[in-house]
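Colleague: Pasting a predicted model and its sequence here:
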Amino acid sequence: MAENRLVEPVLRRIRFKRTIDAMRRFDESYVPGASAGGQEFFDMRSAMDIRPTAGRDISTKALRAPRGGVPTDEQALSSNFVDFDEVAACVSGLQADGVYVFKKPIPSEMVARMRESALTVPSSARGLESPAQPYPRENPLVGRYDIDENSTMASADMQDYCSDPALALIAARYLGQPVIMDQTALWWTTTKGEEDASMNAWLFHQDRDRVSFLKFFCYLTDVGPDNGPHTVVRGTHKRVPKSLATDGRKTDELVREAGLWDRVIELTAPAGTFMAVDTLGLHKGQPPISGDRCVLQVEFATSLFGAPVDYPTFTPSDLSVERSRSMPKILQRWYRSVTPA
């Protein structure tokens with residue numbers, strides 16, 4: 001056991017160097033559909049045990065000719081969600097705390113359309129082998145229902161949110177590199193399945209899907225203390241105690257024992273509230289005690305290196321086509337949907 005404690009830090013640093021080389025090769029030879037291999041993905045996640053910001057260091061060292069983009073201020077001014085004056089405030093808030101809640105919620109009529117879409121399209125019951133079907137809101141069977149990206153983008157409003165140039169600009173400024181919109185997610189959580197807390201992301205953890213990334217979450221339902229609020233531990237995006245630094249789920253007790261409980265924030269808010277969160281910091285979703293919760297998430301990353309890459313197919317809105325043409329590097333995963341046959 002003592003030998004492992006001595007050897008593992010050395011191995012992590014070896015994996016850190018390997019990941020830089022692997023990421024450089026990946027980006028220099030990238031073709032659509034490519035993703036890191038199993039060993040490369042393991043090396044990346046292990047290297048990020050060194051400290052939360054290790055992935056950012058890898059990205060800075062590895063990317064010689066970034067494949068992403070940075071929106072212009074003019075493009076960001078066209079945002080339907082973010083006031084341009086909040087861009088700098090959001091970046092500062094993220095740097096300080098790892099989380100920033102935007103002041104102005106999404107208009108209620110837009111939220112209603114997005115929520116209705118999330119109730120209509122097929123969803124997959126996590127942990128249950130069954131055909132995808134619309135979320136059974138009146139009688140859920142499991143704790144989480146996931147909606148794939150093709151179905152998420154069936155909503156023109158969700159296309160608008162996920163391609164928002166102000167969100168991309170915030171990500172680029174915060175990460176210090178050009179970005180790619182690398183994934184979206186949409187899901188419902190319910191009062192069922194508390195015994196599957198780990199599978200449903202109801203235990204504290206740090207995300208490590210890419211080396212350098214930023215997520216934006218939007219509540220499509222009202223989220224009070226009993227509805228499973230997103231919960232973060234402020235400041236752990238910069239530093240986390242060694243007892244919590246390894247990959248995997250962490251209990252509330254471990255967070256308390258590390259003396260971090262006074263930094264825990266439960267993000268309760270009405271439908272339409274959206275926020276930027278650096279999920280390199282410790283975070284989790286609370287299991288709902290009553291009702292349910294619907295969340296839309298978009299992520300921007302500096303590279304597609306890491307997890308497998310999806311290329312959704314959907315009917316693009318005119319706005320999505322326009323943005324894909326003006327921000328082709330940022331929205332490169334949408335090429336199958338926005339490129340004429």
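Modeller: Right, received. Where do you want to start? Numbers count the residues shown, from 1 in each chain.

Colleague: And the pLDDT for Q206?
Modeller: Taken from the predicted model, the pLDDT recorded for Q206 is 92.

Colleague: list the contacts for it?
Modeller: Contacts were defined as CB atoms under 8 Å, 6 or more residues apart in numbering; by that measure Q206 touches 48, 52, 236, 240, 247, 279-283. Any C-beta I mention is one placed from the backbone N, CA and C, and that applies to glycine too.

Colleague: could you redo the last one with a cut-off of 6 Å?
Modeller: Residues near Q206 by CB atoms under 6 Å, 6 or more residues apart in numbering: L280.

Colleague: Over to E266?
Modeller: Shown in contact with E266 (CB under 6 Å, 6+ apart): 229, 231.

Colleague: does A185 really touch Q297, like I thought?
Modeller: Yes. Counting by CB atoms under 6 Å, A185 sits close enough to Q297 to count as a contact (4.4 Å).

Colleague: Quick check: mean pLDDT of the strand or helix carrying A76?
Modeller: Secondary structure assigned from DSSP states H and E places A76 in helix 73-77. Averaged across helix 73-77, pLDDT comes to 97.

Colleague: which of the residues in that helix are buried?
Modeller: Of the residues in helix 73-77, those buried under the neighbour-count criterion (16 or more other CB atoms under 10 Å) are 75-76.

Colleague: ditto for stretch 55-68
Modeller: If you call a residue buried by 16+ other CB under 10 Å, then stretch 55-68 has these buried ones: 55-59, 61-63, 66-68.

Colleague: which outside residues touch it?
Modeller: 19-20, 23-24, 27, 48, 177-180, 211-212, 302, 329.

Colleague: Near A307, how many other residues are there?
Modeller: As a burial measure, the neighbour count of A307 was computed by other CB atoms under 10 Å and equals 16.

Colleague: so where do the helices sit in the stretch 1-150 of the chain?
Modeller: In the stretch 1-150 of the chain, the segments counted as helices under DSSP state H, counting those that start in this stretch are 2-28, 38-47, 54-62, 73-77, 86-97, 108-120, 149-152.

Colleague: got the buried residues for the last one?
Modeller: Across helix 149-152, burial judged by 16+ other CB under 10 Å covers 149, 151-152.

Colleague: Among the contacts of stretch 55-68, which pair sits farthest apart?
Modeller: Largest separation among these by CB to CB: M48 and K329, giving 25.0 Å.

Colleague: Compare neighbour counts for these two and give me the winner.
Modeller: When neighbours are counted by other CB under 10 Å, M48 comes out ahead of the other of M48 and K329, with 27 against 14.

Colleague: From P287, how far out is the more buried one?
Modeller: Using CB to CB, to the nearest Å, one gets 26 Å for the distance from M48 to P287.

Colleague: D222 now?
Modeller: According to CB to CB, D222 and P287 sit 17 Å apart.
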